[in-house]
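[1] Dropping a prediction and its sequence here:
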Amino acid sequence: MKGIIILGIVHEERKARKDRHASFFFAPFAFLMLFGFGSTGSLAAQSIDAAAVYQKSCAQCHDEPQGRTPSRDALKDRTPDAILQSLTTGSMSVTAIALSMAEKRAVSEYLAGKALGAGGESAGMCTPPNGAAGARSAPALSNVEGPALSNVEGWNGWGNDIANSRYQPRPGLTAADVPNLKLKWAFGFPGGSQAYGNPAIVGGRVFVGSDNGKFYALDANTGCMYWSFQADGGIRAAPTVAKAGSRTAVYFGDLKGHMFAVDATTGDLIWKKQVDDHKFARVTGAPKLYDGKLYVPVSSVEEAPAAQPTYECCTFRGSIVALDGTTGAQLWKTYTIQEKPQQVGTNAKGTALYKPAGAAVWSSPTIDPQKGIVYIGTGNSYTDPAVPTSDAVMAMDIKTGTILWWNQLTPSDAFVIGCFPNSTNANCPKDVGPDFDFGNAPILRTLGGGRRILVIGQKSGMAYGLDPDNEGKLLWTFKAGKGSALGGIEWGSAADDQNAYIPVSDILGPAADAGGLFALKLATGEQVWHTPAPKLECTSGRGCTGAQSAPASVIPGAVFSGSVDGHLRAYSTRDGNIIWDYNTAKEYDTVNKVPAKGGSIDAAGPAIADGLVVTNSGYALWRGMPGNVLLAFAAR
């Protein structure tokens, strides 16, 4: 899902008339990627004419933006630290290779309109009950029992269970309470512009990461902060809380390819592990903890520089890495492409070219303890011919990582950004695919009579039912969205015991036609109901689309779905009627006194537990509205 990580790409809509289907392709020049963190220190050198650097290297794309490229004005919502991170070590470092460090620093401050390191400091530390000075120590997490995720109360990890159902059977509120939900507290992410890390609720606190790489432990009742921890890169992956030997750890990954285990009570580092040494490797999907072992998905943004003639395309392979939860030691690593990339020639610039590559793992793995299997969804190939494990659901042995089977649901999908049909660029696939990754995680559910099913949505707009007990045999299909490089079905579906709930993005289509939510019968894929996106309250501008790209979350009687126009809505699971609607796109007074506003809801879905509904708001990519706030709602 490079569509979520990379910020600016000149987008050429080249409509292929064949079979009346429109295809989207991207021009070679790309500029910004936001996954930044922290601060780099001082102001840019005064001798650099930042305006001139911008005119020479950036204005061509951003003064007259096309498609998904952000305008010059839109870049003011970014932090200079994030822009500099992109230009120096991020996926746009190849594009910016001709710029000196001083020029990169100068243009970063110029575009953001503020100095590097001006993100702001957090306030709102939890204070002792007796009113004494100083921060209050976080109480121990007494309800974390045993090594299995399913033994932990709350909303833990991305899917809330090892089956990735995003179903909360004990939410602490009922569907009848949902219309009475009111904002309880708001927390601002200092210097942030993208609130894309899925929160977790465990042991009376909320754990959440930020785009600046800061990870927070907050009091669930008040939103005050117990502690924070600085990672090496932005944090998108949802955190998981579990026992790590004698300590309770919170596990999360960052956009530098690291996994962290941090003491959930104190915020002290327990261990840190790099799960892939490829320059563009990322931990985007949440790790899954089961039986004391951590299963980490590895993705990348190598597609961004891949079409550049000076880039050696392509060498990244998606993988799952199994780690010991107590020590961080690697137990096994299985690549989604078994063949190691080999040089296959050079391009016109003399740059070495490699294949095969791709099949990133963007979403959280699903655990099947009954059969001892890890299920994953994979992304497209970067090189052609497309590998058979791209755009596929795969099964791996949980003890050894051995690949047991796969079902490729979209063949011939070789895609990198900047390539289009009939290109003479040797870095490009000869036949450019549709970019139909699986951003969804597989959902494992039990049906009547002992039968089971895997349900998963794809950026093609298709939802699938697969048989986990018959090597992923296709049981049913359902066309929910039109499909595109940004979905279709983008980041996550949900399922209770009867239905799967499928939110639709279709953000690249007409704004008024995007979005919508489907309920499908788990056993057959038959439509139970469909609720289109409500009529837009806006007429134009960023975020003015009904696209529902974010993951859904469900409780008994109500399913929650966020949208790019900033609304979080709850739907009746019985008939799809909207029973609650809150527009998050506004400014907030926050518990930590950080100026904060909401924006688009994308990439992360709400966590629900202990009577709370907790969601991020703010997503600056792809027509979205930036924001930097975490919101907690309660009915009483």
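    In hand now; what should we look at?

[2] which stretches of the stretch 151-300 of the chain form helices?
    In the stretch 151-300 of the chain, no helices are defined using DSSP state H, counting those that start in this stretch.

[3] Please read the previous query as pertaining to the chain.
    2-5, 50-57, 59-62, 80-88, 101-112 (DSSP state H).

[4] from the chain's centre, how far out does the third one sit?
    In other words, helix 59-62. Distance, stretch centre to chain centre, for helix 59-62: 27 Å (Cα atoms, centre = their mean, to the nearest Å).

[5] quick one: average pLDDT of that helix?
    For helix 59-62, mean pLDDT is 77.

[6] repeat for stretch 613-631
    Taken as a whole, stretch 613-631 has a mean pLDDT of 94.

[7] surely residue 616 meets residue 600?
    No. Checked against Cβ atoms under 8 Å, the pair residue 616 and residue 600 is beyond contact range at 10.0 Å. Every residue, glycine included, has its C-beta placed from N, CA and C.

[8] overlap in contacts of these two?
    By Cβ atoms under 8 Å, 6 or more residues apart in numbering, residue 616 and residue 600 have these common neighbours: residue 627.

[9] Tell me how many other residues surround the residue nearest to residue 227 when sequence neighbours are not counted.
    Leaving out its chain neighbours, the residue that sits closest to residue 227 by Cβ to Cβ, 6 or more residues apart in numbering is residue 267, at 3.3 Å. Residue 267 sits with 17 neighbouring residues when counted by other Cβ atoms under 10 Å.

[10] Comparing the helices of the chain, which yields the minimum mean pLDDT?
    Among the helices of the chain, helix 2-5 carries the lowest mean pLDDT, at a mean of 42.

[11] quick one: residue 326 and residue 270, what's the gap?
    Distance from residue 326 to residue 270, counting by Cβ to Cβ, to the nearest Å: 8 Å.

[12] and for those two, which residues touch both?
    With Cβ under 8 Å, 6+ apart as the test, residue 326 and residue 270 both reach residue 244.

[13] Skipping adjacent residues, who's closest to residue 558 in space?
    Counting by Cβ to Cβ, 6+ apart, residue 558 lies nearest to residue 175, which is 4.4 Å off, once chain neighbours are set aside.

[14] pretty sure the one you found contacts residue 559?
    No. With contacts counted by Cβ under 8 Å, residue 175 stays clear of residue 559, the gap being 9.7 Å.

[15] Could you name every residue contacting both of those two?
    residue 573.

[16] Compare these two (neighbour count), which wins?
    In terms of neighbours (other Cβ under 10 Å), residue 559 is the more surrounded of residue 175 and residue 559; the figures are 26 against 18.

[17] and the gap between that one and residue 619?
    From residue 559 across to residue 619, the span is 20 Å (Cβ to Cβ).

[18] which residues sit in contact with the closest residue to residue 272 other than its chain neighbours?
    What sits nearest to residue 272 in space, not counting adjacent residues and going by Cβ to Cβ, 6+ apart, is residue 260, at 5.4 Å. Counting by Cβ under 8 Å, 6+ apart, residue 260 touches 215, 229, 231, 251-254, 269, 271-272.

[19] Nearest to residue 369 among those?
    The shortest approach to residue 369 among the contacts of residue 260 belongs to residue 251, at 18.8 Å (Cβ to Cβ).

[20] residue contacts, the residue nearest to the closest one when sequence neighbours are not counted?
    Leaving aside its chain neighbours, residue 251 sits nearest to residue 240 (4.7 Å; criterion: Cβ to Cβ, 6+ apart). Going by Cβ under 8 Å, 6+ apart, residue 240 touches 149, 156-157, 200, 250-252, 286-289, 294.

[21] hmm, 10 Å instead?
    The contact partners of residue 240, by Cβ atoms under 10 Å, 6 or more residues apart in numbering, come to 149, 152, 156-158, 200, 202, 207, 249-252, 261, 286-290, 294, 325, 364.
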